[in-house]
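Participant: heads up, no residue letters with this:
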């Protein structure tokens, strides 16, 4: 038997975005939509334990929120007739193209490129994800008041600059989807390697939220290869999460992970998505290639069975569309397995990544394998200094202290 | 419909070239044809600016722009658009036409 509290949590996850999005379309006002959705859930918290859970909880919440919004507007009519007219006018959006879903409009509005990246992340988590301002503030290690202001400013810009509540025109769609996926990937990565000292090394709440939102975007845009690719990438990364931090709180590298602890179900789902993208026969984008790389890693039951040639081929493919220093750094790890650490070290020499912890961590491992212990030690020190993640620091310090002398 | 200001940003003493002027004319014609045109104009540079302050008893007139910066506004468009995405497209075309960065600002609702 599930309790009412469990049902409420589940319904909140499943229905929040739909309730907010339906109200936003009807009334053309994100603030009102969010407040009334929150009030409807608050009413549910009071009523459901007494009256029982209604047969269609989503519809109940939408109706309740709608009624509250109309009540609110009626009260405001007496105060401000003009304001009401404006709301009703902007509440009739233009007809849209083939893809028309209230939640999709909400995602595109929250991830609009005219908003600062941090505002997009915060708005998406608040409006689409239904996280509280305090939860978002905690996840990104900022003060609750600062996070509240960030969200308020973003909503004010949406209103003043008239950021449309809608799915972009067909011509704009690919670029805008790319922006949406970037927001979701940022949320996932913050969860997978939390950047603050004193927070858990892995924030499962954030990775779960990113996956949930990406599932939604993938469901709404099933033909978008990169949305499918990002979902696969997240699932295959999330599958390894249980093995990523040791009992003593140290980050465990891919090679040393207990592969028995990997989530086989997530891996199967991720592999299926990657296979479906391969079968589609379209040239893959960045996320699809990264997903394919992770599919190769998760295919190997033992690290020694890893098909490094396949991984290197995928990195070569990735470099053709994204020749960033970080991609080159990651390719060097595969090069080291195939051609040895010396070749890999030469390839990463001079990459403009001297402020990036992973660059020094990779260098340290390569130098160690070449027996250049003093240089390796210095590289570990620099990596520890730059890493903000406590579990990663613990791992790097242990590796450094294993060096002789 | 809403109105937006497109500010043309400039950072040297050079005026628009003939090719730029021609491209601006084409853009202006299109704005008029699409009924998105409200107004546009080029401005004198900061060396032609004068600041007037009549908040006190006397009017104080000073030479120069209100803020010293490397970049300044050299011209502008005021356009009509239903929402930001349309305004962004116009601003992008305006930037390409005049071959300069532009800043897009909404007018506040009257």
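Facilitator: Right, received. Where do you want to start? Owing to the predicted nature of the structure, the values given are computational and were not obtained by experimental measurement.
Participant: what sits against the residue nearest the centre of chain B?
Facilitator: By C-alpha atoms, centre = their mean, chain B has its centre lying nearest to residue B:76, at 1.7 Å. Contact analysis of residue B:76 by C-beta atoms under 8 Å, 6 or more residues apart in numbering or on different chains lists B:5-8, B:40-41, B:43. (Glycine included, C-beta is placed from N, CA and C.)
Participant: taking the mean pLDDT, what do you get for the helix or strand it falls within?
Facilitator: Of the helices and strands defined by DSSP states H and E, residue B:76 is found in strand B:72-81. pLDDT averaged over strand B:72-81 equals 96, rounded to a whole number.
Participant: Doesn't residue A:355 belong to a helix?
Facilitator: No. With the criterion set as DSSP: H, G, I helix; E, B strand; the rest coil, the secondary structure at residue A:355 is coil rather than a helix.
Participant: Excluding covalently adjacent residues, which one is nearest to it?
Facilitator: Residue nearest to residue A:355 in three dimensions, not counting chain neighbours: residue A:386, with 6.5 Å by C-beta to C-beta, 6 or more residues apart in numbering or on different chains.
Participant: burial count for that neighbour?
Facilitator: Neighbourhood size, residue A:386 [other C-beta atoms under 10 Å in any protein chain shown]: 18.
Participant: thought residue B:91 was touching residue B:105?
Facilitator: No. At 9.9 Å, residue B:91 and residue B:105 do not qualify as touching, with contact defined as C-beta atoms under 8 Å.
Participant: closest point of chain B to chain A, which residue?
Facilitator: As assessed by C-beta to the nearest C-beta, chain A sits closest to residue B:83 within chain B, at 3.9 Å.
Participant: Next, work out how far apart that residue and residue A:108 are.
Facilitator: Remark: distance between residue B:83 and residue A:108 (C-beta to C-beta, to the nearest Å) = 12 Å.
Participant: quick one: which of the two has more around it?
Facilitator: Neighbours were counted for residue B:83 and for residue A:108 using other C-beta under 10 Å; residue A:108 has more, 23 against 20.
Participant: check contacts around that one.
Facilitator: Remark: with contacts taken as C-beta under 8 Å, 6+ apart, residue A:108 is in contact with A:166-168, A:176, A:180.
Participant: now do 6 Å
Facilitator: With contacts taken as C-beta atoms under 6 Å, 6 or more residues apart in numbering or on different chains, residue A:108 has the following neighbours: residue A:167.
Participant: Could I get the pLDDT score of it?
Facilitator: As summarised for this prediction, residue A:108 has a pLDDT of 93.
Participant: cool, and residue A:201?
Facilitator: On the pLDDT scale, residue A:201 gets 81.
Participant: Quick one: classify the nearest residue to it once chain neighbours are set aside as helix, strand or coil.
Facilitator: Setting aside the residues directly before and after it, residue A:201 is nearest to residue A:391 in space (C-beta to C-beta, 6+ apart), at 3.3 Å. Following three-state DSSP, the label given to residue A:391 is helix.
Participant: What sits closest to the residue of chain A found nearest chain B if chain neighbours are left out?
Facilitator: The shortest separation between chain A and chain B is 3.9 Å, found at residue A:164 (distances taken as C-beta to the nearest C-beta). Distances taken as C-beta to C-beta, 6+ apart put residue B:83 closest to residue A:164, at 3.9 Å, once the chain neighbours are dropped.
Participant: just the strands in the stretch 201-350 of chain A please.
Facilitator: Along the stretch 201-350 of chain A, no stretch is classed among the strands by DSSP state E, counting those that start in this stretch.
Participant: Tell me, please, where in it the pLDDT is lower than the cut-off.
Facilitator: Within the stretch 201-350 of chain A, no stretch falls below the threshold (pLDDT under 70).
Participant: For it, which segments are assigned as helices?
Facilitator: Using DSSP state H, counting those that start in this stretch, the helices assigned to the stretch 201-350 of chain A run over residues A:204-220, A:225-238, A:264-280, A:286-299, A:308-321, A:325-339, A:341-348.
Participant: To residue A:30, which of those helices lies closest?
Facilitator: With C-beta to C-beta as the measure, helix A:204-220 is the member of the helices of the stretch 201-350 of chain A nearest residue A:30 (17.0 Å).
Participant: The residue nearest to residue A:201: how many residues sit nearby?
Facilitator: Taking other C-beta under 10 Å as the neighbour definition, residue A:391 ends up with a count of 21.
Participant: Residue A:340 too?
Facilitator: Using other C-beta under 10 Å, residue A:340 is surrounded by 13 other residues.
Participant: ok, now residue A:303?
Facilitator: Residues near residue A:303, counting by other C-beta under 10 Å, number 14.
Participant: quick one: the residue nearest to it when sequence neighbours are not counted and residue A:301, what's the gap?
Facilitator: The shortest distance from residue A:303 to any residue other than its chain neighbours is 4.7 Å, reached at residue A:255 (C-beta to C-beta, 6+ apart). With distances taken as C-beta to C-beta, residue A:255 is found 13 Å from residue A:301.
Participant: ok, now residue A:244?
Facilitator: Applying C-beta to C-beta, one obtains 18 Å for the distance of residue A:244 from residue A:301.
Participant: Which strands and helices lie in contact with the helix or strand harbouring residue A:376?
Facilitator: Assigned by DSSP H and E, residue A:376 falls within helix A:373-386. Counting by 3 or more C-beta pairs under 6 Å, 6 or more residues apart in numbering or on different chains; DSSP states H and E, the packing neighbours recorded for helix A:373-386 are helix A:357-369, helix A:390-402.
Participant: Leaving out the residues flanking it, which one is nearest to residue 101?
Facilitator: Because you didn't say which chain, this covers chain A. The shortest distance from residue A:101 to any residue other than its chain neighbours is 5.3 Å, reached at residue A:220 (C-beta to C-beta, 6+ apart).
Participant: if you could check chain B rather than the one you did, that'd help
Facilitator: If you skip the residues right next to it in sequence, residue B:101 has residue B:9 as its closest partner in space, 4.5 Å away by C-beta to C-beta, 6+ apart.
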